[in-house]
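Novice: Kindly return the folded structure for what I paste below:
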Amino acid sequence: MHFRTAILSLLTASALASPTPRVNEDDDYPILHVTNFGAFVNDDPSMPSHVSFHVVDPRPDNFVETDCILYRAGSLFKTVWVNCENTSDVSFLFASDAMRLQRVFLLDHIQ
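Specialist: You can find the predicted model right below:
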């Protein structure tokens with residue numbers, strides 16, 4: 001149990017320390033800033049597992065700021081998307097091999 005938590009912490013630390021890829025500033029790619037990431041993965045149902053982090057989309061026309069939290073007894077890994085707090089625009093999927101984060105955009109018009 002402690003070994004799995006330590007490995008997850010090390011993987012998290014190395015992912016957060018990796019350089020952010022650069023994109024062409026002329027393009028309007030959404031770059032979501034994830035901070036305050038923490039996770040505890042436990043197979044014992046008497047002690048819940050959890051993952052939490054903070055997400056910000058800093059673009060003025062598309063600004064969103066929210067916390068994403070999941071508490072669950074037993075295995076934390078899910079096969080469904082979980083909405084973050086106070087918005088359904090941001091959701092995440094926490095799997096055994098990756099965490100995926102998505103932001104929903106609605107177009108006012110289609111050309």
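
Novice: For the protein, which segments are assigned as helices?
Specialist: Along the chain, the segments classed as helices by DSSP state H run 2-17.

Novice: in it, which helix or strand is least confident?
Specialist: Across the helices and strands of the chain, mean pLDDT, DSSP states H and E gives its lowest value to helix 2-17, namely a mean of 43.

Novice: Isn't residue 87 up against residue 64?
Specialist: Yes - counting by Cβ atoms under 8 Å, residue 64 is a contact partner of residue 87 at 6.2 Å. C-beta: built from backbone N, CA, C; applies to glycine.

Novice: Comparing those two, which shows the higher neighbour count?
Specialist: Shown here are residue 87 and residue 64; by other Cβ atoms under 10 Å, residue 64 has more neighbours (18 against 15).

Novice: check contacts around the nearest residue to residue 57 once chain neighbours are set aside.
Specialist: Closest residue to residue 57 apart from its sequence neighbours, by Cβ to Cβ, 6 or more residues apart in numbering: residue 64 at 4.8 Å. For residue 64, the contact set (Cβ atoms under 8 Å, 6 or more residues apart in numbering) comprises 55, 56, 57, 87, 89, 90, 103.

Novice: Nothing else from me, thank you.
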